[in-house]
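In: Quick one: sequence and predicted model below, then my questions.
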Amino acid sequence: MQPNAKKSSKKPAHNPTETAALKRLEHDLITEDGIVPATKGRHAIHCLTVIGTIEGHCLASETQKTTKYEHVIPQLVDIEEDPEIEGLLVILNTVGGDVEAGLALAELIASSGKPSATLVLGGGHSIGIPLAVAARRSFIVPTATMTVHPVRHSGMVLGVPQTLRYFEQMQERIAGFVAGHSGISAKRFTELMHNTGELVMDMGTVLDGPAAVKEGLIDELGGLADALRFLYHEIEQGRGEK
């Protein structure tokens, strides 16, 4: 028998048409949906952006930038199932939005089995706070801000004790989730939420990057390189690499 021929170590040449189509698809995902399928560093990191208003059961105004939770949920499932994706980076610049939608996304991020990190740029306000703390490690740049305030409601509200209790229960769920995924206590988070001495037209507290870290809400000050460095380290530790 003749010895087996050695397999070529060269990768098959890319079809120029397929390469162009893939580049167009990647460009469309970034420009239209704000999705980077997988970064091209030494590990494949999926970048997910949460921008503008988190849109839930009701449509937001056409003039608003939105993150639609019915689009993000299947993305998170796909990230978890795709063996080629090694980590998740969530970048936030959000004013908040639908409370239940925000909590649903935060729970999915928190339940991911892959290394995850969040990075707050600009703002991570209101229901964006649970999203900011949901990953294994949270980062915030010094110039970003986070507004902690009570649950708000637009539209008709029934002036009955049950309505007040509903709001209280929702705030308890938010405070409990944040306390369970960060270094701040539920009591302290509620105190910041009900602060009446800072916002002119509302109650609540605005924290910049250093203050958010000092309160234990966010793990550390840092930017993109810091978040990626953490993800690479987590991936390599999981593989037993040095």
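Out: It's in. Numbering: from 1, shown residues only.

In: Tell me which helix or strand the residue most central in space within the chain sits in.
Out: Geometric centre of the chain, nearest residue: residue 90, 4.0 Å, by C-alpha atoms, centre = their mean. Residue 90 is part of strand 87-97 when elements are defined by DSSP states H and E.

In: try residue 72
Out: Residue 72 is part of helix 69-81 when elements are defined by DSSP H and E.

In: returning to what we had before: between the next helix or strand after the strand holding residue 90 and strand 87-97, how big is the angle?
Out: Counting by DSSP H and E, the element after strand 87-97 in chain order, helix or strand, is helix 99-110. Going by axes from the mean of the first three to the mean of the last three C-alpha atoms, to 10 degrees, helix 99-110 is angled at 170 degrees with respect to strand 87-97.

In: What are the contacting residues of helix 99-110?
Out: Counting contacts by C-beta atoms under 8 Å, 6 or more residues apart in numbering, the residues outside helix 99-110 that touch it are 50, 54-57, 69, 72-73, 76-77, 88, 90, 96, 116, 118, 126-128, 130-131, 133-135, 151, 170, 173-174, 177, 181. From N, CA and C alone the C-beta is placed, and that goes for glycine too.

In: Likewise for stretch 214-225?
Out: The contact list for stretch 214-225 (C-beta under 8 Å, 6+ apart) reads 119-120, 129, 132-133, 137-142, 146, 178, 182-184, 188-189, 192, 207, 209-210, 212-213, 226.

In: Restricted to helices, list those.
Out: Using DSSP state H, the members of those that fall in helices are 129, 132-133, 178, 188-189, 192, 209-210, 212-213, 226.

In: could I get those as a markdown table with distance to residue 63?
Out: Listed next are the ones in helices among the contacts of stretch 214-225 as a markdown table, based on distance: C-beta to C-beta, whole Å:
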| residue | distance to residue 63 |
| --- | --- |
| 129 | 24 |
| 132 | 25 |
| 133 | 29 |
| 178 | 30 |
| 188 | 36 |
| 189 | 32 |
| 192 | 30 |
| 209 | 29 |
| 210 | 33 |
| 212 | 29 |
| 213 | 34 |
| 226 | 34 |
